[in-house]
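Asks: Structure of the sequence below:
(chains A and B)
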Amino acid sequence: MAEAVVFYIFAALILGFAVLVITAKSTVHSVLYLVADFLCVAALYVVLQAQFLAVIQVTVYAGGIVVLYLFVVMLVNLKRPPELYSDPRRLGRLGLVMALAVFGELVAIGAYGWLKPSGFSGTLDAKNIEQVGRALYTDYLVPFEVASVLLLVAMIGAILLAKRET
Amino acid sequence: MITQTHFLVLSAALFMLGIIGVMTRRNIIIILMSMELMLNAVNINLIAFSRQLGDVTGQVFAVFVICVAAAEAAVGLGIILAFYRNRETINIDEMNLMRW
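Replies: Purely as a prediction, here's the structure:
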């Protein structure tokens, strides 16, 4: 019962903040709503017994990525609001309708699953970090190394792209 | 009783909000933020299945998704800065250099 209450509260917060992110007039406000959204998602990870992922979510997303976004928003001078000019060929409304149609379809799929409920059968024991670390460093060692190379490439690329040309 | 379906519907709704943001906004920074929302929806999905199956593999994949999201944010924002320096705009409708 307590799990249900916590789930519904955080689900409502997540969706509400997501709506605010994509509708906010000011980009800075949008970034701040994004932080709140990430923190609520981290809380949901705790409900799902993924404590390690919750900590990663808070440090990497809410701590790292969002600060990067804030820096760029502050560096980019928005004297001319970007929403003023609209390409006449752009089909934004059609995209909105299509996205809502796909959403309705997914809700229908969810309602179908609702009629045949499937509870959580398996259980994860309490040593979450140990389990994730063991899987990461034994079964998924090669993808882990590839991910580290990806991060290195992204770091070098970002520095090169953002560097002022001399 | 919270079942798998609740998390799947939440994840689908969050993903759709991200798509609506990408489709309707013209500020490219907000479009990148909508993509982060979509990646978060994917993570919720992965972790819900990890919980249901009692297997941590889903959580390992969520770690990789976060890693790719960090790389994407860094490179994407670098491109935005470089573009802004050249063209003085972040409106995606004015970014039509390679459009036919």
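
Asks: what's the spacing between the spatially most central residue of chain A and B:S50?
Replies: For chain A, A:F38 is the residue whose C-alpha lies nearest the centre (Cα atoms, centre = their mean; 6.3 Å). To B:S50, A:F38 is 19 Å away according to Cβ to Cβ, to the nearest Å. Where C-beta positions appear, they are placed from N, C-alpha and C, glycine not excepted.

Asks: Please apply the same query to A:L32.
Replies: Taking Cβ to Cβ, one finds A:L32 at 30 Å from B:S50.

Asks: which of those two has more neighbours?
Replies: B:S50 (24 against 17; other Cβ atoms under 10 Å in any protein chain shown).

Asks: check which helix or strand covers that one.
Replies: Using DSSP states H and E, B:S50 sits within helix B:28-53.

Asks: Check which helices and strands that helix is in contact with.
Replies: helix A:2-23, helix A:27-47, helix A:66-75, helix B:4-24, helix B:57-87 (3 or more Cβ pairs under 8 Å, 6 or more residues apart in numbering or on different chains; DSSP states H and E).

Asks: and it, average pLDDT?
Replies: Per-region confidence: helix B:28-53 scores 91 on mean pLDDT.

Asks: Only the buried residues of it, if you could.
Replies: Using 16 or more other Cβ atoms under 10 Å in any protein chain shown as the test for burial, helix B:28-53 gives B:28-52.

Asks: Also stretch B:5-19?
Replies: Neighbour-count burial for stretch B:5-19, counted by 16+ other Cβ under 10 Å, picks out B:5-19.

Asks: Let me know which of the helices and strands packed on helix B:28-53 is the nearest to A:F103.
Replies: Judged by Cβ to Cβ, the one of those that comes nearest to A:F103 is helix B:4-24, at 3.9 Å.

Asks: Run the angle between the closest one and helix A:2-23 for me.
Replies: Put simply, helix B:4-24 runs at 10 degrees to helix A:2-23, going by axes from the mean of the first three to the mean of the last three Cα atoms, to 10 degrees.

Asks: Where does the prediction get shaky in chain B?
Replies: Counting by pLDDT under 70, chain B has low-confidence residues at B:100.

Asks: what about 80?
Replies: Residue ranges of chain B with pLDDT under 80: B:1-3, B:94-100.

Asks: Can you name the residue of it nearest chain A?
Replies: Residue of chain B nearest chain A, by Cβ to the nearest Cβ: B:G54 (2.1 Å).

Asks: Of all the helices and strands in chain A, which has the lowest average confidence?
Replies: Every helix and strand of chain A was ranked by mean pLDDT, DSSP states H and E. The lowest is helix A:92-115, at a mean of 77.

Asks: Now for A:I9: which residues touch it?
Replies: By Cβ atoms under 8 Å, 6 or more residues apart in numbering or on different chains, no residues touch A:I9.

Asks: Need the per-residue pLDDT for it.
Replies: As summarised for this prediction, A:I9 has a pLDDT of 93.

Asks: again, but for A:H29
Replies: 91.

Asks: What is the burial count for it?
Replies: A:H29: 13 neighbours (other Cβ under 10 Å).
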